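Colleague: predicted model and sequence follow; I will ask about them next.
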Amino acid sequence: MTALVSEAPIDLGHTRASSWAALAGRWSFEGANATYSGPEDPNVPVGVAISDLTLRTGWIEAEIVLRSTKDAGRIVFGRDPSTGGYYSAGVGDKRFAYYLDQLVPGQGWVAQGSSGLSANLKANRPYHVELYIQGQHVWMRVDDVVVLSRELPTPLPGDQVGATAWGGSTIRFQDVRVLAEMPQAFVVMQFGEPYDSIYSDVIAPVAAALGFEARRADEFHAPGIILQDIITSLVTSSVIVAEITPPNPNVFYELGYAHALGKPTILLAERDRELPFDVSGYRVIFYDNTIAGKQAVEDDLRRHLLSILSNIP
């Protein structure tokens with residue numbers, strides 16, 4: 001399968017849905033297949049079912065078949081079971097052929113992207129829908145054609161995968177599966193010693209041990225504008241690690257961008273360094289640049305990543 005972005009994270013394997021729970025509407029399930037047969041209440045024509053699949057970064061795929069082109073079938077991703085919030089994307093809508101939206105608890109559904117006309121869809125025809133999620137960016141491909149590419153306004157609220165259906169007729173979701181990839185931890189810091197050693201000897205190995213692929217801007221090798229590569233990495237990463245000891249304007253620009261995205265961030269700084277007012281209120285891992293300090297910062301970084309890991313999708 002060809003990735004939609006360059007230097008995609010490491011492939012962690014393909015998994016099909018094997019168990020489902022119906023949350024709204026009438027459903028039947030068989031292995032990786034889910035069939036919506038109508039709403040519980042005709043006045044609320046919506047169905048939601050959640051599978052045993054989870055995903056942080058990678059592909060979600062399904063064949064979606066609409067009985068009526070007035071209906072909609074979408075893949076649920078990033079669902080948080082504690083709030084019920086999620087994103088969904090798929091085929092069908094009152095006007096559009098392809099649609100991306102977000103269920104915000106207490107607010108309702110918020111449109112995030114659309115393309116095509118629903119009049120061009122065909123009933124009883126299987127549409128092969130693929131979603132590629134990388135951090136806060138999602139691409140949707142239908143029958144091998146990219147139809148949507150959007151930056152999400154927030155990190156995914158959770159990690160559950162499922163299906164949602166709109167309408168009063170049968171909608172089938174066939175062979176629902178995920179292809180997980182290793183999430184990225186983007187590291188912003190000044191280049192040169194001693195920071196290169198902190199990255200190679202501490203940050204990268206600790207992140208890798210917890211299932212993250214750590215990257216820095218100096219590891220990009222493709223042609224183009226480096227600032228755009230940095231912004232893309234801030235959007236597509238699951239966590240940001242920032243070393244803020246020297247008052248480097250580039251580092252603080254990238255850190256501010258990450259905060260604006262609502263991205264989980266971990267700050268590192270040498271002990272006894274005065275921090276700028278703008279970040280002095282944030283929790284910081286202070287470390288001693290000594291052999292003894294290396295073990296301490298490894299332990300602190302591991303604890304912070306584990307804490308983030310328990311709350312990100």
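Modeller: Good, I have the coordinates. Residues are numbered from 1 along each chain as shown.
Colleague: surely Ala21 touches Val48?
Modeller: No. Here Ala21 does not reach Val48: they are 9.5 Å apart, not a contact under CB atoms under 8 Å. Quick note: C-beta positions are derived from backbone N, CA and C, even for glycine.
Colleague: the two: which is more packed in?
Modeller: Here Ala21 and Val48 are set side by side on neighbour count (other CB atoms under 10 Å), and the busier one is Val48, at 22 against 13.
Colleague: roughly how far does the more buried one sit from Lys263?
Modeller: Using CB to CB, to the nearest Å, one gets 27 Å for the distance from Val48 to Lys263.
Colleague: please apply the same query to Gly84.
Modeller: Per CB to CB, Gly84 is found 23 Å from Lys263.
Colleague: same check, this time on Arg177
Modeller: 28 Å.
Colleague: which one of those two has more residues nearby?
Modeller: Comparing Arg177 with Lys263 by other CB under 10 Å, the one with more neighbours is Lys263, at 21 against 16.
Colleague: list the contacts of the more buried one.
Modeller: Gly135, Gln136, Pro155, Leu234, Ser237, Val239, Ile240 (CB atoms under 8 Å, 6 or more residues apart in numbering).
Colleague: please repeat the previous calculation with a cut-off of 6 Å.
Modeller: By CB atoms under 6 Å, 6 or more residues apart in numbering, the residues touching Lys263 are Ile240.
Colleague: ok, it to Thr35 distance?
Modeller: 37 Å.
Colleague: only alpha carbons, please: show the top strand by length along the chain as PDB.
Modeller: In the chain, with assignment by DSSP state E, the single longest strand is strand 171-181. As requested, C-alpha coordinates have been extracted for strand 171-181 and formatted as PDB (Å, rounded to 0.1, in the frame of the first residue of the first chain):
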ATOM      1  CA  ILE A 171     -25.900   0.200   5.100                       C
ATOM      2  CA  ARG A 172     -23.100  -2.300   5.000                       C
ATOM      3  CA  PHE A 173     -19.600  -2.000   6.300                       C
ATOM      4  CA  GLN A 174     -17.500  -4.900   5.000                       C
ATOM      5  CA  ASP A 175     -14.000  -6.100   6.000                       C
ATOM      6  CA  VAL A 176     -13.300  -3.300   8.500                       C
ATOM      7  CA  ARG A 177      -9.600  -3.400   9.300                       C
ATOM      8  CA  VAL A 178      -6.700  -1.300  10.400                       C
ATOM      9  CA  LEU A 179      -3.000  -1.100   9.500                       C
ATOM     10  CA  ALA A 180      -1.300   0.400  12.500                       C
ATOM     11  CA  GLU A 181       1.900   2.400  12.200                       C
END
